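J.: need a 3D model of the sequence below.
(chains A and B)
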Amino acid sequence: LAKTTQPISMDSYEGQEVNITCSHNNIATNDYITWYQQFPSQGPRFIIQGYKTKVTNEVASLFIPADRKSSTLSLPRVSLSDTAVYYCLVGDEGRSSASKIIFGSGTRLSIRP
Amino acid sequence: DVKVTQSSRYLVKRTGEKVFLECVQDMDHENMFWYRQDPGLGLRLIYFSYDVKMKEKGDIPEGYSVSREKKERFSLILESASTNQTSMYLCASSFTGTSVAGELFFGEGSRLTVL
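T.: Residues are numbered from 1 along each chain as shown, chains lettered A, B, ... in the order given. This next block holds a predicted model:
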């Protein structure tokens, strides 16, 4: 599976838009890009998933350029409750790939008042 | 909503004890996973199961075993706990056929301390 690289940490302020970029240079044709959010002492929670271009849901947007070698998670107007660790993963369908889901160290996002 | 329930949030055990961590999901998911999470190391896959009585090793299976006798329940077993198994253990489940890297549903985690 493609390895991902994302910043270790980011800081922002309430009300700002936050963009977290993930690099995945070796992404395969069948791979999807998925982002998770994890609060302290909780399991990760699925945020958004995409294959190409742009995906938006009630929580975030995911921007994927044409070459798919990177992706950007965009959180609009963050609040203190968005302080969490954000993980970027890539992977495809199939039972044979299930064992290869890799959660890296993620990006620790800190939001200040 | 999907619910993944781990039996214990906090456990304290002694070196050499046998430890059982239980996980139950209520959405008829085929796939279930056990991860451990340690500071600076992210989540690492211990074992996963894609069907009853089926299991596959993940990245760090040594010192662990698993049991899946029923579809909804996936147990992680530490045969003889050691101090280096002190960690947060996370159980997850998913449907087969969804993108592998998407829609994993996690439990709240079990923090195990081995003295």
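
J.: in contact with the residue of chain B found nearest chain A, which residues?
T.: Chain B approaches chain A most closely through residue B:106 (2.7 Å), counting by Cβ to the nearest Cβ. No exception for glycine: its C-beta is placed from N, CA and C like everyone else's. Counting by Cβ atoms under 8 Å, 6 or more residues apart in numbering or on different chains, residue B:106 touches A:42-45, B:4, B:90-92.

J.: for it, which non-adjacent residue is spatially closest?
T.: Among residues not flanking residue B:106 along the chain, residue A:43 sits closest, at 2.7 Å (Cβ to Cβ, 6 or more residues apart in numbering or on different chains).

J.: let me know the distance separating the one you found from residue B:115.
T.: 25 Å (Cβ to Cβ, to the nearest Å).

J.: neighbour count winner among those two?
T.: Between residue A:43 and residue B:115, residue A:43 has the larger neighbour count (other Cβ atoms under 10 Å in any protein chain shown), namely 22 against 10.

J.: is stretch B:52-66 positioned near chain A?
T.: Yes - Stretch B:52-66 is in contact with chain A by Cβ under 8 Å from any Cβ of the partner chain, via B:56-59.

J.: any idea which of those has the most stuff around it?
T.: Neighbour-wise, these (other Cβ under 10 Å) top out at residue B:58, 21 neighbours.

J.: number of nearby residues for residue A:9?
T.: Residue A:9 has 11 nearby residues by other Cβ under 10 Å.

J.: how about the residue of chain A found nearest chain B, what does it touch?
T.: Chain B sits closest to residue A:43 of chain A, with a gap of 2.7 Å, by Cβ to the nearest Cβ. Neighbouring residues of residue A:43 by Cβ under 8 Å, 6+ apart: B:4, B:90-92, B:106-109.

J.: can you rerun that using 7 Å?
T.: B:90, B:92, B:106-109 (Cβ atoms under 7 Å, 6 or more residues apart in numbering or on different chains).

J.: narrow the residues you listed to those that are buried.
T.: Buried by 16 or more other Cβ atoms under 10 Å in any protein chain shown: B:90, B:92, B:106-107, B:109, out of these.

J.: dump those residues to JSON lines, plus pLDDT and secondary structure.
T.: Converted to JSON lines, the buried ones among the contacts of residue A:43 look like this (pLDDT from 0 to 100; DSSP: H, G, I helix; E, B strand; the rest coil):
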{"residue": "B:90", "pLDDT": "96", "secondary structure": "strand"}
{"residue": "B:92", "pLDDT": "93", "secondary structure": "strand"}
{"residue": "B:106", "pLDDT": "93", "secondary structure": "strand"}
{"residue": "B:107", "pLDDT": "94", "secondary structure": "coil"}
{"residue": "B:109", "pLDDT": "94", "secondary structure": "coil"}
